[in-house]
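Q: Coordinates only, no sequence provided:
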Ligand SMILES: *[C@@H]1O[C@H](CO)[C@@H](O)[C@H](O)[C@H]1NC(C)=O
């Protein structure tokens with residue numbers, strides 16, 4: 001039996017060259033798309049290494065239209081009626097973004113249950129880039145709430161060396177704590193004060209706040225919100241939990257993080273990326289916390305692509321959804337548009353024409 005060592009034949013060169021070209025092309029693709037590939041791997045495996053870190057103890061929430069908020073309502077939630085509930089004050093506190101439409105819907109939803117709206121606005125983003133003061137510029141739109149508004153302008157500045165966006169965000173939240181403290185101190189001694197802590201796009205339902213005014217839920221509670229993307233046409237899940245309500249004490253501070261293990265189910269709405277115009281999407285996508293997701297791929301910022309993405313309910317970065325189980329991951333990859341606009345904020349429905357872009361069938365955005 002003879003073993004023959006042959007020089008590469010013409011035939012194997014025909015194989016070698018395409019394989020080499022393919023390998024080079026493949027490496028080029030990997031280098032060009034390293035951010036996307038890294039993100040896809042990390043998002044695709046998230047259910048294996050990450051767990052939702054929100055509060056675990058979910059309190060079933062009971063509500064029907066016209067329901068009386070009384071001791072029976074409290075009892076259903078395992079609570080007692082609050083002593084001195086008539087004198088209770090409620091403060092809603094938000095850091096201003098660009099989302100004036102959601103702010104208007106929010107303030108109208110909460111007007112009858114809130115005593116003061118605290119708004120802090122800066123002329124810079126957390127990354128220190130200059131930005132418009134949307135609220136100050138359009139304050140007239142909110143004149144009907146003027147007596148309730150406590151507004152504070154926070155001058156922004158470029159990031160100092162060694163300072164991160166997280167530091168600026170923390171400082172901004174501290175400014176809100178200070179503003180709340182100053183105001184609440186002027187109230188008569190022993191006034192019970194609830195503070196709603198959430199982003200503008202996290203809107204507690206009016207009836208939720210009524211329930212929490214009526215019942216003694218303890219010192220703090222998180223609100224589980226229906227989680228929407230782009231508009232109320234696309235519902236992701238119920239995973240939004242960062243909004244919270246606190247009974248104010250000297251040691252309470254304004255936060256957007258976990259403060260306890262209680263979560264009141266189905267307490268309102270969280271509408272992420274619910275913008276009226278395409279340029280707002282582009283600004284948001286360029287924003288700090290997600291800049292890694294663009295990963296140098298400027299095609300992601302194409303107007304036409306963004307528009308189609310919104311109408312199809314797909315991820316704006318062309319990424320996998322952020323989900324903690326494969327069941328959620330799969331269902332969020334192929335969302336079905338809702339045909340229901342039942343159970344949404346009242347002001348939105350009363351003004352459906354003005355807010356068409358937030359409702360089923362309204363996915364076209366203004367340029
Ligand atoms: C924000 O406003 C302050 C005071 O009005 C000004 O000094 C500062 O330069 C502005 N910052 C930005 C980033 O525009």
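A: The structure has been received and is ready for your questions. Quick caveat: nothing in here was measured; it's all calculated off a predicted structure.
Q: rest of the way, CA atoms for contacts and neighbours
A: Fine.
Q: so how far is residue 169 from residue 163?
A: Distance, residue 163 to residue 169, by CA to CA, to the nearest Å: 11 Å.
Q: Between those two, which is the more surrounded one?
A: Comparing residue 163 with residue 169 by other CA atoms under 10 Å, the one with more neighbours is residue 169, at 15 against 11.
Q: isn't the more buried one right next to residue 124, touching?
A: No: contact criterion CA atoms under 8 Å: residue 169 and residue 124 do not qualify, at 11.1 Å.
Q: what's the burial count for the nearest residue to residue 361 once chain neighbours are set aside?
A: Leaving aside its sequence neighbours, residue 361 sits nearest to residue 233 (CA to CA, 6 or more residues apart in numbering; 7.4 Å). Residue 233: 24 surrounding residues under other CA under 10 Å.
Q: again, but for the one 5 residues further on
A: Residue 238: 15 surrounding residues under other CA under 10 Å.
Q: So what does residue 95 have for phi and psi?
A: When quoted as degrees, to the nearest 10, the phi and psi of residue 95 stand at phi -90, psi 130.
Q: and the residue of the stretch 101-250 of the chain found nearest the ligand, bridged to which residues?
A: Residue nearest to the ligand within the stretch 101-250 of the chain: residue 130 (3.9 Å; CA to the nearest ligand atom). Counting by DSSP bridges, residue 130 is bridged to residue 124.
Q: Look up how far residue 109 lies from it.
A: 31 Å.
Q: just residue 79 next, same as before
A: Distance from residue 79 to residue 109, by CA to CA: 25 Å.
Q: Next: residue 299.
A: 38 Å.
Q: quick one: residue 335 and residue 236 touch, right?
A: Yes: if you go by CA under 8 Å, residue 335 and residue 236 touch, sitting 7.5 Å apart.
Q: So for those two, which residue has more residues nearby?
A: Neighbour count, other CA under 10 Å: between residue 335 and residue 236, residue 236 has more, with 23 against 15.
Q: before we move on, which element is that one in?
A: strand 235-240 (DSSP states H and E).
Q: Tell me which helix or strand comes right after that strand.
A: strand 244-247.
Q: Can you name the residues of the stretch 1-150 of the chain sitting close to the ligand?
A: 123-124, 129-130 (CA under 6 Å from any ligand atom).
Q: Give me the secondary structure label for residue 323.
A: Here residue 323 is coil, with the state taken from DSSP: H, G, I helix; E, B strand; the rest coil.
Q: Tell me how many other residues crowd it.
A: The number of residues near residue 323, taken as other CA under 10 Å, comes to 23.
Q: hmm, back to that, which residues does the residue nearest to residue 361 contact?
A: Residue 233 sits next to 337-341, 358-361 when contact means CA atoms under 8 Å, 6 or more residues apart in numbering.
Q: Any chance you could spot the residue sitting in the middle of the chain?
A: The centroid of the chain falls nearest to residue 272 when counting by CA atoms, centre = their mean (4.8 Å).
Q: From residue 170, how far out is the residue nearest to it when sequence neighbours are not counted?
A: Spatial nearest neighbour of residue 272, chain neighbours left out: residue 229 (5.0 Å); criterion: CA to CA, 6+ apart. Note on residue 229: its distance to residue 170, by CA to CA, is 26 Å.
Q: These two: which has the busier surroundings?
A: Ranked by neighbour count (other CA under 10 Å), residue 229 and residue 170 place residue 229 first, with 21 against 16.
Q: if I read this right, the more buried one contacts residue 273, doesn't it?
A: Yes: counting by CA under 8 Å, residue 273 is a contact partner of residue 229 at 6.1 Å.
Q: Assumed residue 342 was part of a strand.
A: No: Residue 342 is assigned coil when assessed by three-state DSSP, not a strand.
Q: And for it, the neighbour number?
A: 8.
Q: can you check residue 278 too?
A: 20.
Q: Just to check, it is in contact with residue 304?
A: No: contact criterion CA under 8 Å: residue 278 and residue 304 do not qualify, at 9.3 Å.
Q: ok, residues contacting stretch 173-183?
A: By CA under 8 Å, 6+ apart, stretch 173-183 touches 93, 95, 118, 120, 250, 253-255.
Q: All the helices of this protein, residue numbers only.
A: Counting by DSSP state H, the segments of the chain that form helices are 10-32, 34-49, 71-76, 100-110, 134-137, 165-185, 206-214, 278-286, 291-294, 303-312, 326-333, 346-350.
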